[in-house]
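**Student:** Sequence below, structure please.
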Amino acid sequence: MHISFLNPQGNFDPDDSYWTEHPDFGGQLVYVKEVASAMANLGHQVDIITRQIIDPEWPEFADSQDAFPGIQGVRILRIPCGPERFLPKEQLWDYLGSEWVPNIIEFYNREGQLPDTFTTHYADGGLAGALIAEKTDRPYTFTGHSLGAQKMDKLNASRENIADLEERYKFSRRILAERVSMMYASRIITSTNQERLEQYGHKTYQGAIEPQDDTRFSVIPPGVNRRIFNPEPTEVDVLISKRIDAAIQRDISTDRRELPIVLASSRLDAKKNHIGLVKAFAESTQLQEAANLAIAIRGLEDPLRHYDDLSGEEKSIMDEIINLMNDHNLWGKTMAFPLNGQDELAAAYRQLAIKHSVFALTALYEPFGLAPLEAMSCGLPAVVTKNGGPSESMIEGDRYFGVLVDPSDPSDVARGLLEAVSSLEKWIELQDAGIERVISKYTWDRTADGYLRVFEEVQKAAPRLRESVIPPWYKYSNPENEIPLETLSNLYF
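**Tutor:** Numbering: from 1, shown residues only. I've put the predicted structure just below:
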């Protein structure tokens, strides 16, 4: 099968440049690369179509074609779209229909054949899929990753501030592109049932999709990269073992250095609820007797004492953590150290597993929760928020593969952590169950298999009837033809 991924924002290159360093180079690029690579390993021809950028500040993305080293069967195709310079994702809308889509179709016409199917990612990719479907007989799937209405919720959108939000984020373009993507997609892919019902059930998408319609949705979880996240140590483990031991010697009281460690390794973000985790530790004498607390922070050698390089929300969170440590006498029981990149994360998980430690993610809400599965894949049991995707990945029937907690209740967080660290027998049970869970259900090969089954189904089905035309402002380049703010307000409020 010949499969094409549509992913205009961010970009791809052999070195995965700028990933995690720029807001347009986030998790969806990792997702696309891993699924595409797994499909190619199964013998399929795969193209990742993105945008060509000819800009001296972004030299990695100038060539029209590229490839990933060691991965056969995946082409990176960079198709011209608007100005040659780099554009943030919010500035792409005016060029997708007028340039990118026609250029993609022209490229494949020169090759002599269109792909069998397109799989589209994020709202701009979904819109491009709808425009291609309108001009050809090729179906597409839509994977939204995150939807604009939820971001508006998080930004506390109101009638008073919506004009300012629109100025920065172009929500009117994004929301209407998502609605078009949903309406015309042969299938919508979500990571969890909860994502399907909660995100696509938002008032903003009423009339475009019915989340209860089983014929329109497929739940396909993302996978763990087991080339990196596995129990087998690498040369990086030696470095990380020394780093962790040095942090223990520096931060932890002598009589506590053999205790297990509760590790929080997510980014400093209010939604990740580091404060709730520290409060749970502070308020439970029993937990303090059973384990030490560790916080991993990228790029800081001694995060508890020297974090002035942080700014904004990250610095505020660290200030509050230090205040809690002072108020509850947690010095000597809490440590912090840097973990930079996936190889170091995996090594830390393996090294902490030797100490019968646990991974903690007490986020207020976690849409899917790949990080706990990565820790589990290395042999480190996970204690995770019950809000969101982990409520599906950690439970099947009456069997639990990790420990779920209520992130808003410090006593319940402490209860879950104690369940994992207090009994060696329970810890081993969780370790074995976690590794089994990842291998059986959460690998990229299984994600690719899920997509391929959907592709086969949609190719056999009749083309979707189009109930309405795609709005003309998506088909032609006309920056002055703005979508009325009233349209967005009527959908959202």
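
**Student:** C-alpha only now, for contacts and for neighbours.
**Tutor:** Will do.

**Student:** who touches the strand or helix carrying residue 315?
**Tutor:** Using DSSP states H and E, residue 315 maps to helix 312-327. Outside of helix 312-327, the residues within contact range by Cα atoms under 8 Å, 6 or more residues apart in numbering are 268-270, 274-275, 278-279, 282, 304, 307-308, 330-331.

**Student:** Buried residues in that helix, which are they?
**Tutor:** Neighbour counts over helix 312-327 (16 or more other Cα atoms under 10 Å) mark 314-315, 317-318, 321-322, 324-325 as buried.

**Student:** Only whichever of the contacts of helix 312-327 are buried, select them in ChimeraX.
**Tutor:** Here is the ChimeraX command that selects the buried residues among those (16+ other Cα under 10 Å):
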select :268,274,275,278,279,282,304,307,330,331
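
**Student:** Out of the contacts of helix 312-327, which sit inside helices?
**Tutor:** In helices, defined here by DSSP state H, the members of the contacts of helix 312-327 are 274-275, 278-279, 282.

**Student:** from those residues, which is closest to residue 392?
**Tutor:** Within the ones in helices among the contacts of helix 312-327, the smallest distance to residue 392 is 22.4 Å, found for residue 274 (Cα to Cα).

**Student:** List the residues that contact the closest one.
**Tutor:** Shown in contact with residue 274 (Cα under 8 Å, 6+ apart): 264, 268, 317, 321, 362-363.

**Student:** Could you export the ones in helices among the contacts of helix 312-327 to a markdown table, including columns for pLDDT?
**Tutor:** Shown next, in a markdown table, are the ones in helices among the contacts of helix 312-327 (pLDDT from 0 to 100):
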| residue | pLDDT |
| --- | --- |
| 274 | 97 |
| 275 | 97 |
| 278 | 98 |
| 279 | 98 |
| 282 | 98 |
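
**Student:** Among those, find me the one that's closest to residue 427.
**Tutor:** Nearest to residue 427 among those, with distances taken as Cα to Cα, is residue 278, at 21.5 Å.

**Student:** So for the closest residue to that closest one other than its chain neighbours, what pLDDT did the model give?
**Tutor:** Once flanking residues are discounted, residue 278 sits nearest to residue 321: 6.9 Å by Cα to Cα, 6 or more residues apart in numbering. Model confidence at residue 321, given as pLDDT, is 97.

**Student:** Residue 280 versus residue 321, what's the distance?
**Tutor:** To residue 280, residue 321 is 12 Å away according to Cα to Cα, to the nearest Å.

**Student:** got it, and residue 371?
**Tutor:** 21 Å.

**Student:** So the two - more neighbours on which side?
**Tutor:** Under the criterion of other Cα atoms under 10 Å, the comparison of residue 371 against residue 280 puts residue 280 first, with 23 against 18.

**Student:** from what I can see that one touches residue 411, true?
**Tutor:** Yes - assessed by Cα atoms under 8 Å, residue 280 is found in contact with residue 411 at 6.1 Å.

**Student:** got any ranges where the stretch 1-150 of the chain has weak pLDDT?
**Tutor:** Scanning the stretch 1-150 of the chain for pLDDT under 70 picks out 20.

**Student:** so where do the helices sit in it?
**Tutor:** Counting by DSSP state H, counting those that start in this stretch, the segments of the stretch 1-150 of the chain that form helices are 27-41, 93-95, 101-111, 122-135, 148-154.

**Student:** Can you tell me which of those helices is most buried?
**Tutor:** helix 122-135 (a mean of 24; mean count of other Cα atoms under 10 Å).

**Student:** which other helices and strands contact that one?
**Tutor:** Here helix 122-135 touches strand 2-6, helix 101-111, strand 117-121, strand 140-143, helix 171-184, going by 3 or more Cα pairs under 8 Å, 6 or more residues apart in numbering; DSSP states H and E.

**Student:** again, 7 Å this time
**Tutor:** Packing partners of helix 122-135 (3 or more Cα pairs under 7 Å, 6 or more residues apart in numbering; DSSP states H and E): strand 117-121, strand 140-143, helix 171-184.

**Student:** and the angle from that helix to helix 101-111?
**Tutor:** Here the directions of helix 122-135 and helix 101-111 differ by 60 degrees (axes from the mean of the first three to the mean of the last three Cα atoms, to 10 degrees).

**Student:** Identify the residues contacting helix 122-135?
**Tutor:** Applying Cα atoms under 7 Å, 6 or more residues apart in numbering, the external contacts of helix 122-135 come out as 6-8, 96-97, 101, 118, 120, 139-140, 142-145, 174, 177-178, 180-181, 184.

**Student:** Could you do stretch 162-176 as well?
**Tutor:** By Cα under 7 Å, 6+ apart, stretch 162-176 touches 90, 93, 123, 148, 483, 485, 488.

**Student:** What is the burial count for the closest residue to the fourth one other than its chain neighbours?
**Tutor:** In space, not counting the residues next to it along the chain, residue 148 is nearest to residue 175; the distance is 5.9 Å by Cα to Cα, 6+ apart. For residue 175, the neighbour count with other Cα under 10 Å is 20.

**Student:** Distance check, residue 175 against residue 94.
**Tutor:** 15 Å.

**Student:** Can I get the helices of the stretch 1-150 of the chain in CSV including distance to residue 386?
**Tutor:** Formatted as CSV, the helices of the stretch 1-150 of the chain follow (distance: least, Cα to Cα, whole Å):
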stretch, distance to residue 386
helix 27-41, 22
helix 93-95, 37
helix 101-111, 41
helix 122-135, 26
helix 148-154, 19
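
**Student:** Regarding stretch 435-448, how distant is the last residue from the first?
**Tutor:** Using Cα to Cα, one end of stretch 435-448 lies 20 Å from the other.

**Student:** er, stretch 109-118 I mean
**Tutor:** End-to-end for stretch 109-118, by Cα to Cα: 15 Å.

**Student:** Would you map the strands across the stretch 201-350 of the chain?
**Tutor:** 217-219, 261-264, 292-296, 334-337 (DSSP state E, counting those that start in this stretch).

**Student:** Turn those into CSV, columns for distance to residue 397.
**Tutor:** Output for the strands of the stretch 201-350 of the chain, formatted as CSV (distance: least, Cα to Cα, whole Å):
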stretch, distance to residue 397
strand 217-219, 18
strand 261-264, 27
strand 292-296, 32
strand 334-337, 36
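
**Student:** which one of those strands lies closest to residue 396?
**Tutor:** Nearest of the strands of the stretch 201-350 of the chain (Cα to Cα): strand 217-219, 15.1 Å.

**Student:** ok, the residue lying farthest from the centre of the chain - contacts?
**Tutor:** Centroid-distance maximum for the chain: residue 255 at 39.3 Å, with Cα atoms, centre = their mean. Residue 255 makes no contacts at all, as judged by Cα under 7 Å, 6+ apart.

**Student:** measure it to residue 53 for me?
**Tutor:** In terms of Cα to Cα, residue 255 sits 57 Å off from residue 53.

**Student:** same question, residue 349
**Tutor:** In terms of Cα to Cα, residue 349 sits 38 Å off from residue 53.

**Student:** more crowded one of these two?
**Tutor:** Legend: neighbour count by other Cα under 10 Å for residue 349 and residue 53, higher for residue 349 (28 against 25).
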